[in-house]
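>>> pasting the structure only:
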């Protein structure tokens, strides 16, 4: 628990063995990601069961993030295999073409609205921006382009419009089915892909609730339109993901680092957890160690204040899923150790509190940063108070003592917060305090004589009722 920034690991064929998954969790995975873009409901259910077995074997709580596919805008297939597009070639995208009949000069497109969404002069990007096409004319279902940046093009590559502007909605029919699956699996978080505005978040929330799900909604920021609506999207969501792949393609890679910092800063200011994702240790799909650039990338996200960093193909299909988690954990610890400005920071005193638990959280963190405190213990039902506290950076661990399994899964995403199973309904201090002390000592989180800060509600077991803080000395003989 010396590492504050969390790790999200994507599940896939490389993690389908119980021993591998258990080792991956022991190496440092705090949450796992179920990617609904691949596999069927039965596959996802099997993997969730495996995660819970592995977490029990590792003795840890692990959160589950379900990630919706969203509108995958792709070209179709080529009849004779990959083609090579040369600069200056004419190349046509045809929404009415046979899906498997692509040629050197033309290929089908799955997105039927493409001819209505583009005009001459627009730039279309294929294969994560490696190929650029300039729109010349539109003829019915055909978008005729001139190749501005050529290269090899193969089946089913993604298509983006530079600067955004494609009208595809965030939630597809498949997403709606997957939301029901996510509810049945009991995911802690549900990520919505290709969000355009706050309405997309609200719709996903309503659908998940109607399906019986209780997970929190994560807005994936990966469209140009999302940047324009960023404030409202962050406010409507429960958490945010900086999805740097499509975001970099649509906005341009030169903009990406600045956008990452802006999104993280805004999310933290609005008390929303934030995940930084995409190609964080991409080379470790095939190599046993990361590149220096990848190390710097992960460390930079940590120093920006991200709550979590995410691994995708590195753990889902890579050769070294356990090693990559271990490497990422080491990089995080190194960044947190040396970046002192982010370890202790004075609480801002010029803000306005709208909730009692938020005010208590700020008071606790201010005190903790100016007092020799070993740990902060939050007796919590919903996890709100630990969330408020985790927004104020500190090197002091926050332990969320809760009886709610849902809350234990939820706080696995919060930076510097660790879940502890505990019955928070004790009301008598002479019973409550010794039980807390014993649990901290048993877990090796504190020693007798250490100073801790505890938060609780006057009415224990009431959601949102935290209204007090106490400074206590750990005493086993009381």
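In hand now; what should we look at? Values in this document were obtained by computation on a predicted structure and should not be read as measured data.

>>> how distant is the helix or strand hosting residue 207 from the center of its chain?
Using DSSP states H and E, residue 207 maps to helix 198-210. In this view, helix 198-210 has its centroid 18 Å away from the chain centroid, taken as C-alpha atoms, centre = their mean, to the nearest Å.

>>> now do it, average pLDDT.
In this model, helix 198-210 has a mean pLDDT of 98.

>>> shouldn't residue 122 be in contact with residue 159?
No. Taking contacts as C-beta atoms under 8 Å, residue 122 lies outside contact range of residue 159: 11.8 Å. Using the backbone N, CA and C atoms, a C-beta is placed for each residue, glycine as well.

>>> residues touching residue 131, list them.
Going by C-beta atoms under 8 Å, 6 or more residues apart in numbering, residue 131 touches 85, 125, 147, 149, 150, 151, 153, 157.

>>> for the fifth one, grab the count of nearby residues.
Applying the criterion other C-beta atoms under 10 Å, we find 17 residues in the vicinity of residue 150.

>>> ditto for residue 111
Around residue 111 there are 18 residues (other C-beta under 10 Å).

>>> which residue is nearest the middle of this structure?
residue 275 (3.7 Å; C-alpha atoms, centre = their mean).

>>> which other helices and strands contact whichever helix or strand that one is part of?
Using DSSP H and E, residue 275 falls within strand 274-277. Judged by 3 or more C-beta pairs under 8 Å, 6 or more residues apart in numbering; DSSP states H and E, strand 274-277 is in contact with strand 239-243, helix 253-269, strand 308-311.

>>> what's next to that strand, contact-wise?
Strand 274-277 has contacts (C-beta under 8 Å, 6+ apart) with 8, 218, 239-244, 260, 263-264, 267-268, 301, 304-310, 312, 413.

>>> let me know the closest of the contacts of residue 131 to residue 63.
Proximity of the contacts of residue 131 to residue 63 was ranked by C-beta to C-beta; the top entry is residue 157 with 32.1 Å.

>>> any low-confidence regions in this protein?
Confidence mapping of the chain against pLDDT under 70 gives the ranges 1, 340-352, 393-394, 426-427, 458-465, 478.

>>> and it, what are its domains?
What automatic domain parsing lists as the domains of the chain is 6-70+170-337, 83-161, 356-473.

>>> so after the helix holding residue 207, what's the next helix or strand?
Using DSSP H and E, the first helix or strand after helix 198-210 is strand 216-221.

>>> just give me how far that next one sits from the chain centre.
Offset of strand 216-221 from its chain centre (C-alpha atoms, centre = their mean): 8 Å.

>>> try stretch 313-330
When C-alpha coordinates are averaged (C-alpha atoms, centre = their mean), stretch 313-330 and its chain have centres 16 Å apart.

>>> contact partners of that stretch?
Applying C-beta under 8 Å, 6+ apart, the external contacts of stretch 313-330 come out as 3, 7, 9-15, 20, 23-24, 27-29, 35, 280-282, 284-290, 298, 309, 311.

>>> rerun at 7 Å
Stretch 313-330 has contacts (C-beta atoms under 7 Å, 6 or more residues apart in numbering) with 3, 7, 9-15, 20, 23-24, 27-29, 35, 281-282, 284-286, 288-290, 298, 309, 311.

>>> quick one on the thing from earlier: for the helices and strands packed on strand 274-277, which one sits closest to residue 468?
helix 253-269 (25.5 Å).

>>> which residues does the residue nearest to the centre of the chain bridge with?
residue 241, residue 308 (DSSP bridges).

>>> can you give the distance of the strand holding residue 275 from its chain's centre?
5 Å.

>>> ok, stretch 115-127 next?
30 Å.

>>> swap in stretch 275-285?
On the basis of C-alpha atoms, centre = their mean, stretch 275-285 sits 12 Å off its chain's mean C-alpha point.

>>> quick one: end-to-end distance for that stretch.
For stretch 275-285, the first-to-last residue distance is 20 Å (C-alpha to C-alpha, to the nearest Å).

>>> I'd like to know how many residues surround the residue lying closest to residue 205 once chain neighbours are set aside.
Spatial nearest neighbour of residue 205, excluding adjacent residues (C-beta to C-beta, 6 or more residues apart in numbering): residue 217 at 5.0 Å. Using other C-beta under 10 Å, residue 217 has 22 neighbouring residues.
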